[in-house]
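> This is a predicted model, with the sequence first.
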Amino acid sequence: MSNETLKKIKNNINNEFASLFREADFKQYSFIPVNRQSGFFFVTITEKANKKDLSAFFAEKNIKEPLKFITVDSGSFQQLLDSFIAENYQAQAAEQPQNSSASEEQKPPEQHHHKKRVGEILIEMGLLTEAQLTEALMDSKRQHTPIGSMLVKKGFITVEQLKEALSSQLGYAYVSSEQLNISANVLKILPEDFIRENQLLALSTDGKFLDVGMVNPDNKKALNEIVYLTGLRPRVLLITYFEFQNCLSQYYSESRKETTKIIKRIEEEKLQFEVEESLWEQVDKELEDTSGNVAMFANKIISDAIDMHASDIHIEPRLNNYIVRYRIDGILRRVLDLPPKVETSVIARFKVLSRMNIAEHRRTQDGTFTIKYNGMSYDFRINTLPVMGKEKMVIRVLAPAASIKSEDKVIKLLGGTEEDLARIYKMTSSPNGIILAVGPTGSGKTTTLYSILKSLNDEGINITTLEDPVEIKIDGINQSQINPKAGITFASCMKAILRQDPDIILIGEIRDYETLETAISAALTGHLVLSTLHTNSAAATITRLIQMGAPDYLISSTLTGISAQRLVRRLCPKCKVAYHATREEAMKVVANKEEIEQFMKRTIYKAKGCFDCKHEGYVGRLGVYEIMNVTKEIKKLIAQSAHDIEIEEAAVGAGMKTLQKSCLGHILRGETTIDEFVRVLGTVTE
């Protein structure tokens, strides 16, 4: 059995079950309890284990669920058992080194030698070589750039490593990323020309002290000037030159200045909506008003989001104000602070655009609207949620219809390999059955299904979709939108669709048993059904379907294939830096010892940051796919209520790449980083 499979069995073991048994029980009956799932109690055994005796033993323990066995070879079983016993029955031995290390941590930290140069500190930390330092020093003098910035620029160290070294050198704590989310009121405390001249930022204040991030924290003249300008006592934190420059572009750009002017005009106007009696008069007026300050500001929020390739816009309440955040490449970024009273006008504007009730603040609402920008028509899905007595609004930016061409018959998987495409095409070649795209919200499931759908689109085929809402419009496909308020749900509409003589049906999401039941019925009667589901892996999808109430024999009869997917950020091709991973880094993405050694020899890349990628180190995203074709063997395992681990092992044996293997391929091809692997998938040991 592979080390990867052993890892997965170990990770699925619920240690709480150890309390039900004695240590001697595991050796006597040759078993390890795994977990309860789908009405069964799963245990790991060897081929020599007596299943009858074990079942009788479990009955004596008053465990009512029938047993399901995961059979492994004796060597693998011993490994798992040793680990299980060590974790659950040798606690005292395990705690000994922890106490020892804890005592070490309590020792006072070593005194830092502040006179050491940052280059020397980095060499002592093992992060830099003498040759690299010499090279960077020469370029630093030639380009008049600080040595630390030059080291980062050349990819010798990261920004975080530089911050640690500078903190050690200068004796100041460094600024966290959270502290760099600066409110609009704090930004106004210090003049912009003073900020630029002294390379510092006002971070926060409590009315008495002012936290200041400084590139040169020993600039006593600037500190005295802060006291004179503000009357506040400065508390110094270390900020790198890179962070300072990024904040300048974020908070003091021309675009930001324009936004600030619009906000100021809105504040001066004190725009307020009237009482409910004239509600729809206000709606009509607001719809016609496309040149007012509120309309201009709302349009700017939307246009900036499109320009920055944001997938979502968050307008969120804080204790004293509202903020605007964009989700870019899967990461939320704070872009704007809204002063009090302005947010009510902005939220009302978006509500009006989407035909929502602007007088309703206590209930959640949904809506949609469309705008044209740069010659393209963009659709937006909007949702409001009561939060802390206020309203939070999230706007999903949907792909323009023009981006999906119905005549393009080629399936496109963003970041997918030829092997991935071949497995997808094998799924779609079936005239009936169920194809599922699974993963968390924002993982590209709908985009994958649309790509499949347009490849199947033909004059001789009737394709009907049921969505909430219709996210991407494709010519030649009958796209229906549900309306729960009017009683038009996925389940009720599915019955109507089946009377529309469809060949292929797309369901936006399977949310309940009624919808699932209808989808299975459609697949059994000769239709190809495509849909999405929120699960963590392809194998876990089957467990989820059973938990929703579908019989395992129906799942095995109808399920054709599953595409589990994630999105990782793509390395910027202009600034990515080649290097060799350390052992600690390799262990995050590879489990096998031999594979770790091989991985360390391979050239991989890490993020650096440049002007083109706004110093992020990444541009755009890639898909990570786990595509499982449901073979006869897998159908048999499903019908037998097999564990996820067994199903996944069978799928891997049939050629499926796991999400981890797929992402590892991206790393080895220089397309993404170990950090992205860990952020999206966790480490392989988890």
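Good, I have the coordinates.

> what helices or strands is the helix or strand residue 647 falls within leaning on?
Using DSSP states H and E, residue 647 falls within helix 644-653. Applying 3 or more CB pairs under 8 Å, 6 or more residues apart in numbering; DSSP states H and E, one finds that helix 644-653 contacts helix 3-12, helix 538-547, helix 632-639. No exception for glycine: its C-beta is placed from N, CA and C like everyone else's.

> Just say which of those is most tucked in.
helix 538-547 (a mean of 22; mean count of other CB atoms under 10 Å).

> Identify the residues contacting that helix?
Applying CB atoms under 8 Å, 6 or more residues apart in numbering, the contact partners of helix 538-547 are 37-38, 436, 438, 516, 533, 535, 552, 555, 559, 562-564, 626-628, 638, 641, 644-645, 647-648, 651, 656.

> That one relative to helix 632-639, how many degrees between them?
When axes from the mean of the first three to the mean of the last three CA atoms, to 10 degrees is applied, the directions of helix 538-547 and helix 632-639 differ by 40 degrees.

> just the CA coordinates of helix 538-547, formatted as PDB?
What follows is helix 538-547, C-alpha atoms only, in PDB (Å, rounded to 0.1, in the frame of the first residue of the first chain):
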ATOM      1  CA  ALA A 538     -14.100  13.600  -5.600                       C
ATOM      2  CA  ALA A 539     -14.400  10.600  -3.300                       C
ATOM      3  CA  ALA A 540     -16.000  12.700  -0.500                       C
ATOM      4  CA  THR A 541     -18.800  13.600  -3.000                       C
ATOM      5  CA  ILE A 542     -20.200  10.100  -2.900                       C
ATOM      6  CA  THR A 543     -20.500  10.300   0.900                       C
ATOM      7  CA  ARG A 544     -22.200  13.600   0.600                       C
ATOM      8  CA  LEU A 545     -24.800  12.200  -1.900                       C
ATOM      9  CA  ILE A 546     -25.500   9.300   0.500                       C
ATOM     10  CA  GLN A 547     -25.900  11.700   3.400                       C
END
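
> Just the element for residue 121, please.
Residue 121 belongs to helix 118-124, assigned by DSSP H and E.

> Buried ones in that helix, by neighbour count?
Residues 118-119, 121-123 are the ones in helix 118-124 that count as buried (16 or more other CB atoms under 10 Å).

> Run through the residues that contact residue 390.
Per CB under 8 Å, 6+ apart, neighbours of residue 390: 317, 322, 361.

> which of those residues has the most neighbours?
residue 322 (22 neighbours; other CB atoms under 10 Å).

> For residue 300, see how far away that one is.
15 Å (CB to CB, to the nearest Å).

> cool, residue 223 as well?
Residue 223 is 37 Å from residue 300, where distance means CB to CB.

> same thing with residue 412?
32 Å.

> for stretch 13-31, the distance to its chain's centre please.
37 Å (CA atoms, centre = their mean, to the nearest Å).

> Need the CA coordinates for the helix or strand containing residue 563. PDB is fine.
Using DSSP H and E, residue 563 falls within strand 559-571. Once non-C-alpha atoms are left out, strand 559-571 reads as follows in PDB (Å, rounded to 0.1, in the frame of the first residue of the first chain):
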ATOM      1  CA  LEU A 559     -22.900   8.800 -11.600                       C
ATOM      2  CA  THR A 560     -20.600   9.200 -14.600                       C
ATOM      3  CA  GLY A 561     -17.800  11.500 -13.300                       C
ATOM      4  CA  ILE A 562     -16.700  14.000 -10.800                       C
ATOM      5  CA  SER A 563     -14.400  17.000 -11.200                       C
ATOM      6  CA  ALA A 564     -13.100  18.300  -7.800                       C
ATOM      7  CA  GLN A 565     -11.200  21.600  -8.200                       C
ATOM      8  CA  ARG A 566      -9.500  24.500  -6.600                       C
ATOM      9  CA  LEU A 567      -7.900  27.700  -7.800                       C
ATOM     10  CA  VAL A 568      -4.400  28.800  -6.900                       C
ATOM     11  CA  ARG A 569      -2.600  32.000  -7.800                       C
ATOM     12  CA  ARG A 570      -0.300  31.900 -10.900                       C
ATOM     13  CA  LEU A 571       3.300  33.200 -10.500                       C
END
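
> I appreciate the help and will end here.
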